[in-house]
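Enquirer: fold the following, please.
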Amino acid sequence: MLKSFFEIVKEDIKSRARLGLLNIGNYEVETPAFVPLGSQTDLKDAVGSELKFWGAKMIAVDSFQLFVRPGDQMISKAGGLGPYLGFRGPVLSDAGRFRPGAGMLAFKFFETGIFFQASGADALRLFTPEQSIQTQINLGADIITTLACPEQSGGKIEARKAADFTFSWAERAKRMFEKIKPTACTAPKIFGAVAASDILENIITDAAKLRELDFDGYSFTFSPDPIKTLADLEEEKPRHLCDAAMPELIVRSIAAGIDTFDSNLPVELAQTGRLFVNMKPDGYGILDVRNKKYAQDPVPPDNTCNCYLCLHHNLSELHRLILQSDIAAKRLSVIHNFRFYFNFLEKVRRAIKYESFDDLLASYRQTET
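Expert: Below is the predicted model:
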């Protein structure tokens, strides 16, 4: 019997949080789940096989980055994203995260698509919704997404233009997907990206319009009120939050009904010697191992953590290696931060299962280390 793509296993009695199961090919992903970003730049300090070992059930990639370099055709020839990244499991790809400093010299949104220049030596190129869908299918992603256009400048008019661009892209992308998607039972699913905006009205309007296009799930970047944003979307379909960042934001988003999350924050902090650590009774801290007070500290960064760094190394050693820009120390720090997020989401799932999520929601926050 063919399993449904997404199953809701249990719903929290005091919030919109839910336990779920994503059935993707031969893999099952329990939700809520943290999904590490796994593009070529994001995983330079941790390979896919390590992420799998330490708890990743699914990873996410920026398909536009891979379209620019090394190219979707090359990755396709290598067997797809799994073999290319060394990860055995489902892969979620998005259409691209077009923000200042996102690895491009310049980009601008037009009705036809996005004109961009990847570097000073490259010519101006056009990237369209149709190219985006073809790229993500070539990459072999299991879940592909449409584009959420960021607001280019302040003001309601520009915000409305960004929301309209997001929906127009979704329409064209969905048509292209229906035209070229594989017919096998392992064909990818497609998520519609909801407009990214500080103006709640734009997000709610865009979400309601996306529902009419009958996507398999939805992707969000930001919403001032996720509960109102999700109100018009089908409860039986999964919801993914991009750039989820801090753990307390993830907890609040889970309470609103979001199922999966990605963020590059664990990598960014680890590369500068900052580690997430558990704090009693329910919370976390960010430990900066560059601080000289750790130079003679013989204890592990987090004695409740089961990652390789905490099981085999201490703060004094890590302090010295981080100050020397040691590659292995950075890599172990990245794995530690990812393992923190995996353990954190395991704690959230247990809380929903045993009906104590409201206590976690009320108490989970960052504290001083």
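Enquirer: list the helices and strands the helix or strand of the chain with the lowest mean pLDDT packs on?
Expert: Least confident helix or strand of the chain, by mean pLDDT, DSSP states H and E, is strand 106-110 with a mean of 78. Using 3 or more Cβ pairs under 8 Å, 6 or more residues apart in numbering; DSSP states H and E, the elements in contact with strand 106-110 are strand 113-117. The C-beta positions use only the backbone N, C-alpha and C, and glycine is treated the same way.
Enquirer: list the buried ones in the least confident helix or strand of the chain?
Expert: Buried residues in strand 106-110, counted by 16 or more other Cβ atoms under 10 Å: F107, F109.
Enquirer: that one: how far from the chain's middle?
Expert: Strand 106-110 has its C-alpha centroid displaced from the chain centroid by 23 Å (Cα atoms, centre = their mean, to the nearest Å).
Enquirer: just stretch 165-174 next, same as before
Expert: 21 Å.
Enquirer: which residues touch it?
Expert: 95, 109, 111, 128-130, 132-133, 146-149, 190, 192-196, 206, 209-210, 213, 215 (Cβ atoms under 8 Å, 6 or more residues apart in numbering).
Enquirer: now do stretch 25-33
Expert: Surrounding stretch 25-33, the residues in contact under the criterion Cβ under 8 Å, 6+ apart are 17-22, 57-58, 89-90, 142, 186, 238, 250, 254, 258-261, 345, 348-349, 352.
Enquirer: buried ones in that stretch, by neighbour count?
Expert: Quick answer for stretch 25-33 (16+ other Cβ under 10 Å): V29, T31, P32, A33.
Enquirer: likewise for stretch 223-242?
Expert: For stretch 223-242, a neighbour-count test (16+ other Cβ under 10 Å) marks S223, P226, T229, L230, L233, K237, P238, R239, H240, L241, C242 as buried.
Enquirer: wait, isn't the last one in contact with T260?
Expert: No - checked against Cβ atoms under 8 Å, the pair C242 and T260 is beyond contact range at 9.8 Å.
Enquirer: which parts of the chain are helices?
Expert: 48-53, 63-68, 72-77, 81-85, 129-139, 156-180, 200-211, 226-230, 247-256, 265-270, 308-312, 315-323, 327-353, 357-363 (DSSP state H).
Enquirer: that older thread, could you spell out the sheet neighbours of the least confident helix or strand of the chain, each with its direction?
Expert: Paired with strand 106-110 in the same sheet, following DSSP bridges, are strand 113-117 (antiparallel).
Enquirer: what's the angle from the strand it pairs with to helix 129-139?
Expert: Angle, strand 113-117 to helix 129-139, by axes from the mean of the first three to the mean of the last three Cα atoms, to 10 degrees: 70 degrees.
Enquirer: quick check: mean pLDDT across strand 113-117?
Expert: For strand 113-117, the mean per-residue pLDDT is 87.
Enquirer: repeat for stretch 53-61
Expert: Taken as a whole, stretch 53-61 carries a mean pLDDT of 92.
Enquirer: ok, back up a step: of the contacts of stretch 25-33, select the buried ones using a ChimeraX command.
Expert: Of the contacts of stretch 25-33, the buried ones go into a single ChimeraX selection, burial set by 16+ other Cβ under 10 Å:
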select :17,18,19,20,21,22,57,58,89,90,142,238,250,254,258,259,260,261,345,348,349,352
